[in-house]
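1. sharing a model prediction with you, sequence too.
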Amino acid sequence: MPLTERLYYNDSHLIEFEARVIDVTERVSGWAAVVLERTAFYPTGGGQPSDTGTLNGSRVVECIDDGERGVLHVVQGFAPARDTIVAGRVDWARRLDHMQQHTGQHILSQAFIQLFNAETKSFRVLESSCEIDIDLANPTVGVIERAVELANNVVWEDRAITIHRVSAAEAAALPLRKESSREGELRLIEIEGFDLTPCGGTHAFRTGEVGMIAMRSWERAKGLTRVEFVAGMRALADYRRANRSAREVAALFSCG
């Protein structure tokens, strides 16, 4: 059983916690890797980057899932001693952004399933946008916009998002969007009346927290359709950039 209890599994909005240090090791970088008995920090995985934040005021620059060893918190600066109690704080703006992108992906992926039976094969949160690779053979602007419209309707309906824990046998009898190869207990994310899928990431409490989903571009890649999208705060930032560019171009030509 992993050493680190993962508090974000139950509450993705938890950003402050206390925990005991159970191991400290030096990294090649000269920074320290701290293992805690429990953590609210999400480690990199499933296409979602890790949280950042602080431990007793020292900067946590990355978190790594080290399997049975637990979650490694890479600390820049003073590292806490083993068996001490530390106060952890997760950067909320980064956590909210990742929750919006990841929850938005669940909604958008299910929209492509419902409309076109097109399964999502991979997902990545990039620095300023996200990508999903979909098994969609004949994409058009109209097809993709239909999926984005359905996804946004689900966002604006503010549906409840619920976490379930089930055995592999129980999961096999459920209408999951995708199967899991993991053994033992599975964590399922349910979007009320719309989507049910295994996932270990951080998610919103309700779909309304995603704000909106906007498609930026799409292309054919490696036999799949790659859709670039943004959600939540990223969608607002994207609109601001586009609006500013349009106004600057209009000013060059002295037209509306």
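-> Noted; the coordinates are in hand. Numbers count the residues shown, from 1 in each chain.

2. how many neighbours does residue 171 have?
-> Residues within reach of residue 171, counting by other Cβ atoms under 10 Å, total 19. Any C-beta I mention is one placed from the backbone N, CA and C, and that applies to glycine too.

3. ok, the nearest residue to it once chain neighbours are set aside - how many residues close by?
-> Once flanking residues are discounted, residue 171 sits nearest to residue 186: 5.0 Å by Cβ to Cβ, 6 or more residues apart in numbering. The burial metric for residue 186, expressed as a neighbour count using other Cβ under 10 Å, is 21.

4. surely residue 186 and residue 198 touch.
-> Yes: checked against Cβ atoms under 8 Å, the pair residue 186 and residue 198 is within contact range at 5.0 Å.

5. quick one, what contacts the residue nearest to residue 171?
-> Applying Cβ atoms under 8 Å, 6 or more residues apart in numbering, we find residue 186 in contact with 165, 166, 167, 168, 171, 180, 198.

6. could I get the contacting residues of the residue lying closest to residue 38 once chain neighbours are set aside?
-> Setting aside the residues directly before and after it, residue 38 is nearest to residue 5 in space (Cβ to Cβ, 6+ apart), at 3.8 Å. With contact taken as Cβ under 8 Å, 6+ apart, residue 5 is in contact with 37, 38, 39.

7. what does the pLDDT read for residue 5?
-> At residue 5 the predicted local confidence, pLDDT, stands at 95.

8. now swap in residue 2 and tell me
-> Looking at residue 2 specifically, the model assigns a pLDDT of 51.

9. and if you look at residue 28?
-> Residue-level confidence at residue 28 comes out at 67, pLDDT.

10. measure residue 105 to residue 193 for me?
-> Counting by Cβ to Cβ, to the nearest Å, the separation of residue 105 from residue 193 is 18 Å.

11. got the phi and psi for the residue nearest to residue 171?
-> The main-chain torsion angles of residue 186 are listed as degrees, to the nearest 10 and equal phi -110, psi 150.

12. on that earlier part again, now, among the contacts of residue 186, which is nearest to residue 159?
-> residue 198 (18.8 Å; Cβ to Cβ).

13. so where do the helices sit in the stretch 1-150 of the chain?
-> Chain-ordered helices for the stretch 1-150 of the chain, with DSSP state H, counting those that start in this stretch as the definition, fall at 92-116, 141-156.

14. from the contact counts, what lies against the shortest one?
-> Right, helix 141-156. Other elements packing on helix 141-156 under the criterion 3 or more Cβ pairs under 8 Å, 6 or more residues apart in numbering; DSSP states H and E are helix 92-116, strand 213-221, strand 224-231.

15. okay, buried residues for the first one please.
-> For helix 92-116, the buried set under the neighbour-count rule, 16 or more other Cβ atoms under 10 Å, comprises 95-114, 116.

16. same thing with the last one?
-> Judged by neighbour count (16+ other Cβ under 10 Å), strand 224-231 contains these buried residues: 224, 225, 226, 227, 228, 229, 230, 231.

17. now the element after it, going C-ward?
-> Moving toward the C-terminus from strand 224-231, the next helix or strand (DSSP states H and E) is helix 233-253.

18. now find how far off-centre that next one is within its chain.
-> If you compare the mean C-alpha spot of helix 233-253 with that of the full chain, they lie 27 Å apart, counting by Cα atoms, centre = their mean, to the nearest Å.

19. and it, average pLDDT?
-> Confidence for helix 233-253, expressed as mean pLDDT, is 82.

20. repeat for stretch 194-202
-> Averaged across stretch 194-202, the pLDDT comes to 96.

21. one step back: quickly list what's touching both of residue 186 and residue 198.
-> Overlap of the contact sets of residue 186 and residue 198 (by Cβ under 8 Å, 6+ apart) consists of 171, 180.

22. all good on my end, thank you.
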